[in-house]
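Colleague: Test case, fold it:
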Amino acid sequence: MSITLTAFLEQLETICATKPDYRIGGSGTDGTCDCIGLIIGAVRRAGGSWKGYHGSNYAARKQMADFVELKPAHLFVGEIVFKARNPGDSSYSLPDRYKANGGDLLDYYHVGVVTKVRPLEITHCSTTVNGNSIHRDATLGKWKYGGRLKGIDYGTTQEETEMSEVKMQETRNKATVTGGRLSLRQAPSKTADRLAWIPNGTRLDVTGQGDGWCAVTYDTIPGYVMERYLILDGETEEKPKTDAERLEALENQAAEFERRIAVLEGGAG
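Modeller: Now for the predicted structure:
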């Protein structure tokens, strides 16, 4: 049974109002909390349940309904956001239980909640400063990943409503990815689950087009990509982009550079 986003946020603020002390393992029931404890406490107070480990790494891997790299334009109220360290970073301390089977080796060491978008406010519980462990960040800073928490009913966003109305016209063509690595989505919506990252310059088979989206196949995986980041065969030049679209393309390129640097720093080649 899901709890409403409104109830979750109300209980989150109820815990914050008590000005809890920071304590690892606290969840707002005894005047203390830690980062994930603030979220667990709000879920339980709102009538939900939390099964599994009390930890941000567990939350990132097991309790998220979707999980993406953050972009300012895509943030939403109630989004659960994480800071992460790469192997080899200072203070990296991923628990051993997550290191098996060659899976995700990021250490999601801190977690918070987006409580406002404009202006941005990320609420989180951290080390007590001047008698207060509840902090409100106004910039993304080191917050890198986020998504929806399982067990919370986020409702239907306008973009998701419009997603069902996208009409794809069947076509057969090929295209080249341009402007940086591109998200392959499960459905024609920027909020749909990301299936894979498609590297810049990749050639794709296009099987459908409609409302700014293309149905494609990448490495045998069918999905959807935004048409503005493709050059379809037969087009003589890249389509003009708005300022917002240019900014998103630059963000995609920056994310790719950061990924490459992280790989080099991690000694993975």
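Colleague: Going by C-alpha atoms from here, please, whenever you check contacts or count neighbours.
Modeller: Noted.
Colleague: how far away is Asn57 from Val117?
Modeller: 25 Å (CA to CA, to the nearest Å).
Colleague: what stretches of this structure score poorly on pLDDT?
Modeller: 1, 101-102, 156-166, 179, 235-269 (pLDDT under 70).
Colleague: hmm, try it at 50
Modeller: 156-164, 237-238, 267-269 (pLDDT under 50).
Colleague: any chance you could map the helices in it?
Modeller: In the chain, the segments counted as helices under DSSP state H are 5-17, 35-45, 56-62, 158-163, 243-265.
Colleague: Pull out the buried positions in the third one.
Modeller: Within helix 56-62, the residues that count as buried by 16 or more other CA atoms under 10 Å are 56-60.
Colleague: beta partners of the nearest residue to Val81 once chain neighbours are set aside?
Modeller: Among residues not flanking Val81 along the chain, Gly146 sits closest, at 4.1 Å (CA to CA, 6 or more residues apart in numbering). Residues in a beta bridge with Gly146, per DSSP bridges, are Val68, Val81.
Colleague: How many residues are close by Gly146?
Modeller: 25 (other CA atoms under 10 Å).
Colleague: what sits against it?
Modeller: Gly146 is in contact with 66-70, 79-82, counting by CA atoms under 8 Å, 6 or more residues apart in numbering.
Colleague: Make a markdown table out of the residues you listed and add distance to Cys125 and neighbour count.
Modeller: Formatted as a markdown table, these follow (distance: CA to CA, whole Å; neighbours: other CA atoms under 10 Å):
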| residue | distance to Cys125 | neighbour count |
| --- | --- | --- |
| Asp66 | 23 | 16 |
| Phe67 | 21 | 19 |
| Val68 | 22 | 15 |
| Glu69 | 22 | 14 |
| Leu70 | 20 | 16 |
| Glu79 | 15 | 20 |
| Ile80 | 13 | 24 |
| Val81 | 13 | 28 |
| Phe82 | 12 | 25 |
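Colleague: Just the CA atoms of stretch 199-217, as CSV, please.
Modeller: In CSV, the C-alpha atoms belonging to stretch 199-217 read as follows (Å, rounded to 0.1, in the frame of the first residue of the first chain):
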residue,chain,number,x,y,z
PRO,A,199,27.4,7.2,-26.7
ASN,A,200,27.8,10.2,-28.9
GLY,A,201,28.2,9.2,-32.6
THR,A,202,26.4,5.9,-32.3
ARG,A,203,24.4,4.8,-35.3
LEU,A,204,20.8,3.7,-34.6
ASP,A,205,18.0,2.0,-36.4
VAL,A,206,14.9,4.2,-36.3
THR,A,207,11.5,2.5,-36.5
GLY,A,208,9.1,5.3,-35.5
GLN,A,209,8.8,9.1,-35.2
GLY,A,210,6.3,11.3,-33.4
ASP,A,211,5.9,14.4,-31.3
GLY,A,212,9.7,15.0,-31.0
TRP,A,213,10.5,11.4,-30.1
CYS,A,214,12.0,8.5,-32.1
ALA,A,215,11.5,4.8,-31.5
VAL,A,216,15.0,3.2,-31.9
THR,A,217,17.0,0.0,-31.2
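Colleague: Counting neighbours, what do you get for the residue nearest to Asp66 when sequence neighbours are not counted?
Modeller: Leaving out its chain neighbours, the residue that sits closest to Asp66 by CA to CA, 6+ apart is Gly147, at 5.2 Å. Gly147 sits with 23 neighbouring residues when counted by other CA under 10 Å.
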